[in-house]
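> what would the 3D arrangement of this be:
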Amino acid sequence: MIFLLFGTGDYYQRYKKWFDSEKVAALLDNAPEKQNTHIDGIRVVSPDEGVRIPFDVIVILSFYYSAMKQQLLELGVEKTRIYHFYDLHRFFRGRIIDVPIVVEDAAQKILLLSQDLSLGGPAIALFHAARLLKMNGYSVIYASMLEGPLRRKIEEAEIPVVVDENLQIGTMEDCSWTQGFALVVCNTVNFHVFLSERDVDTPVVWWLHDAAFYYDGVDKELLRRINRKNLQVVSVGPIPKRAIQTFLPDLKVGQLLYGVADMCREGREHISTEKVMFVTIGYVTEHKGQDVLLQAVRMLPEEYRKQAEFYLVGQDSTWLAQQLKQQAADLDNVVFTGTVDRERIDRVLREADVLVCPSRQDSMPTVAAEAMMHWVPCLLSDAVGTAQYIEDGAEGLLFASEDVKALTERIKWCIDNREQLLAMGRLARRIYEKTFSMEAFEEGILSLVENMYCSRKEGN
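Below you'll find the predicted structure:
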């Protein structure tokens with residue numbers, strides 16, 4: 001079978017191992033600077049050129065599945081020849097080799113499964129869950145589909161780490177070493193293939209963090225076939241719950257919020273008398289809405305623009321990021337920092353006056369809780385899950401998603417009322433302590449795990 005792979009970014013790097021390079025006719029990418037180059041010895045071409053190359057199927061290696069699929073359809077590609085990386089089990093399941101992972105006394109342990117070992121919100125939330133469970137006497141193992149920098153933190157916490165790339169495409173039956181635990185916690189919708197064939201005698205918690213955007217490439221029939229026996233589904237707030245219930249309306253979904261470690265117990269005493277520092281943190285992607293923020297900045301009257309600085313922190317090599325950098329070239333108060341480490345993020349939040357989340361879809365961004373932990377008020381679109389905990393004008397500020405004019409007015413208010421941001425930050429800190437602190441998370445995760453863990457032990 002001859003493949004075309006659409007996408008050369010992060011998800012290409014994650015899944016390229018499954019493809020034999022001689023069976024990949026070309027890589028497709030919309031970025032002109034990547035076209036007519038080679039990656040891993042494979043030629044990169046534009047989609048319209050690529051679809052004229054003989055191929056059997058196109059695999060989209062991106063979460064922008066809907067837009068990319070529509071582009072391919074408009075280029076004349078048949079719908080039946082377009083697949084998502086979630087579909088790789090259809091092509092490569094036969095290549096799975098049951099790895100020799102041996103876990104002694106698995107029936108007494110909790111296995112936590114992550115989509116990666118990145119420093120992203122879901123993986124860190126699962127690490128915090130593992131650490132709290134260990135602190136409360138449980139024996140835990142943290143396993144991942146991929147390697148990453150989080151491994152160091154997990155090992156420093158003296159928690160065993162397992163990496164099995166078969167988890168990317170295999171089911172629980174394929175990855176037999178995952179069976180027989182006292183409890184398995186699966187993190188994010190990425191594990192829907194894994195759960196489609198499972199050992200129903202092994203209790204599973206499926207912890208969802210994903211907005212509707214992440215379901216575009218999911219095989220809905222596969223989702224519906226997941227056996228619900230011994231399965232507890234929980235969501236980080238209402239947005240992931242609504243996303244999965246779009247396809248499974250009768251699915252019972254509980255709530256489990258994450259926790260953020262307290263790094264800033266002292267409050268702030270003053271706001272900058274010079275420029276108000278607005279910060280947004282996250283991958284520069286369409287669903288994060290950084291383009292909406294830049295439109296709002298451009299709409300600011302000159303006298304306001306001179307009183308503010310805007311820092312866009314996060315991975316900025318995407319095609320959208322390159323476009324936004326060009327568009328913002330004449331805005332001397334806009335700074336793209338690129339990817340930074342956790343220490344730098346904490347430093348940025350200590351210096352920030354306002355955190356902005358202009359997202360089009362965002363379940364419950366960890367950075368919003370981190371900002372409130374740092375006594376920083378949040379300016380959120382109403383498409384951000386954290387918005388449900390904030391009263392507009394009290395603990396933070398809200399605006400309708402994609403309403404550039406409303407966001408501009410909120411930015412102006414912050415500049416005009418910078419002293420009020422201190423009081424707003426104090427109220428935001430209370431939300432953190434009540435809802436997103438490690439103490440609140442510990443209570444939630446222990447209640448959930450104790451119910452399922454104890455029921456397993458009683459059943460044995």
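> OK, contacts around Ala296?
Contacts for Ala296 were tallied using Cβ atoms under 8 Å, 6 or more residues apart in numbering; they are 358, 404, 407-408, 411. In this view, the C-beta of every residue, glycine as well, is placed from N, C-alpha and C.
> SS state for it?
helix (DSSP: H, G, I helix; E, B strand; the rest coil).
> how about Leu422?
Of the three states, Leu422 takes helix under three-state DSSP.
> so what's the residue count around it?
The burial count assigned to Leu422 is 16, neighbours taken as other Cβ atoms under 10 Å.
> over to Arg228?
Residues contacting Arg228 under the criterion other Cβ under 10 Å number 15.
> now it, nearest residue through space, not along the chain?
Nearest non-adjacent residue to Arg228, counting by Cβ to Cβ, 6 or more residues apart in numbering: Leu251, 7.5 Å away.
> can I take it that that neighbour is in a strand?
No: the secondary structure assignment for Leu251 gives coil rather than a strand, going by three-state DSSP.
> that one reaches Ile244, doesn't it?
Yes: at 6.3 Å, Leu251 and Ile244 qualify as touching, with contact defined as Cβ atoms under 8 Å.
> in terms of neighbours, single out the busier of those two.
A count of neighbours by other Cβ under 10 Å puts Ile244 above the other of Leu251 and Ile244, at 22 against 16.
> how far out from the middle of the chain is the helix or strand harbouring that one?
Secondary structure from DSSP states H and E places Ile244 in helix 238-245. Here the centre of mass of C-alpha atoms in helix 238-245, compared against the chain's by Cα atoms, centre = their mean, to the nearest Å, lies 15 Å away.
> and for stretch 91-105?
The chain centroid and the centroid of stretch 91-105 are separated by 26 Å, computed with Cα atoms, centre = their mean.
> alpha carbons of that stretch, in CSV - could you do that?
The C-alpha trace of stretch 91-105 is given here as CSV (Å, rounded to 0.1, in the frame of the first residue of the first chain):
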residue,chain,number,x,y,z
PHE,A,91,-3.1,-0.7,8.6
PHE,A,92,-0.5,-1.6,11.2
ARG,A,93,-2.1,-3.7,13.9
GLY,A,94,-0.4,-6.8,12.5
ARG,A,95,3.0,-5.2,13.3
ILE,A,96,2.3,-5.0,17.0
ILE,A,97,4.6,-7.2,18.9
ASP,A,98,3.6,-7.9,22.5
VAL,A,99,6.5,-6.3,24.3
PRO,A,100,8.1,-8.2,27.3
ILE,A,101,6.9,-5.8,30.0
VAL,A,102,6.5,-7.7,33.3
VAL,A,103,4.8,-6.0,36.2
GLU,A,104,4.9,-8.0,39.5
ASP,A,105,1.8,-8.0,41.6
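> tell me the pLDDT of the closest residue to Ala352 other than its chain neighbours.
Across the structure, with Cβ to Cβ, 6+ apart as the measure, the residue nearest Ala352 apart from its sequence neighbours is Val279 (4.2 Å). Here the pLDDT value assigned to Val279 is 97.
> packing partners of the helix or strand encompassing Val279?
In this structure, Val279 is located in strand 276-281 according to DSSP H and E. Identification of packing neighbours for strand 276-281 by 3 or more Cβ pairs under 8 Å, 6 or more residues apart in numbering; DSSP states H and E yields strand 308-313, helix 342-351, strand 354-357, helix 404-416.
> rerun that using 10 Å as the cut-off
Using 3 or more Cβ pairs under 10 Å, 6 or more residues apart in numbering; DSSP states H and E as the contact definition, the elements that strand 276-281 packs against are helix 290-299, strand 308-313, strand 334-338, helix 342-351, strand 354-357, helix 366-373, helix 404-416.
> buried ones in the fifth one, by neighbour count?
The one in question is strand 354-357. For strand 354-357, burial by neighbour count (16 or more other Cβ atoms under 10 Å) applies to 354-357.
> for the residue nearest to Ser176 when sequence neighbours are not counted, which three-state class applies?
Of all residues not flanking Ser176 in the chain, Asp98 sits nearest, at 5.7 Å (Cβ to Cβ, 6+ apart). Secondary structure, three-state DSSP: Asp98 is coil.
> OK, contacts around Asp98?
For Asp98, the residues meeting the contact criterion (Cβ atoms under 10 Å, 6 or more residues apart in numbering) are 164, 166, 170, 174-177.
> what's the answer for Ala423, then?
For Ala423, the residues meeting the contact criterion (Cβ under 10 Å, 6+ apart) are 377, 394-395, 417.
> counting neighbours, which of those residues end up buried?
When burial is judged by neighbour count using 16+ other Cβ under 10 Å, the buried members of the contacts of Ala423 are 377, 395.
> could I get the contacts of Ala423 in CSV, plus columns for secondary structure, pLDDT and distance to Val189?
Conversion of these to CSV gives the following (DSSP: H, G, I helix; E, B strand; the rest coil; pLDDT from 0 to 100; distance: Cβ to Cβ, whole Å):
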residue, secondary structure, pLDDT, distance to Val189
Pro377, coil, 97, 31
Ala394, coil, 96, 33
Glu395, coil, 96, 30
Asn417, coil, 94, 40
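> can I get the contacts of Ala423 in CSV including distance to Asp346?
Shown next, in CSV, are the contacts of Ala423 (distance: Cβ to Cβ, whole Å):
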residue, distance to Asp346
Pro377, 17
Ala394, 25
Glu395, 21
Asn417, 26
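> and of the contacts of Ala423, the nearest to Glu74?
Pro377 (43.4 Å; Cβ to Cβ).
> the closest one - nearest residue in space that isn't next to it in sequence?
Met424 (4.0 Å).
> please apply the same query to Leu222.
Ser196 (5.1 Å).
> may I have the phi/psi pair for the one you found?
With angles defined as degrees, to the nearest 10, Ser196 shows backbone torsions of phi -70, psi -20.
> measure it to Val348 for me?
41 Å (Cβ to Cβ, to the nearest Å).
> the helix or strand bottoming out on mean pLDDT in the chain packs against which elements?
Averaged element by element with mean pLDDT, DSSP states H and E, the chain has its least confident helix or strand at helix 438-459 (a mean of 82). Counting contacts by 3+ Cβ pairs under 10 Å, 6+ apart, helix 438-459 packs against strand 109-114, helix 121-135, strand 183-187, strand 204-208, strand 231-235, strand 253-255.
> quick one: list the elements packing against the helix or strand just after the second one.
I take that to be helix 121-135. Beyond helix 121-135 on the C-terminal side, the first helix or strand identified by DSSP H and E is strand 139-144. Using 3+ Cβ pairs under 10 Å, 6+ apart as the contact definition, the elements that strand 139-144 packs against are strand 109-114, helix 121-135, helix 150-156, strand 161-163, strand 183-187.
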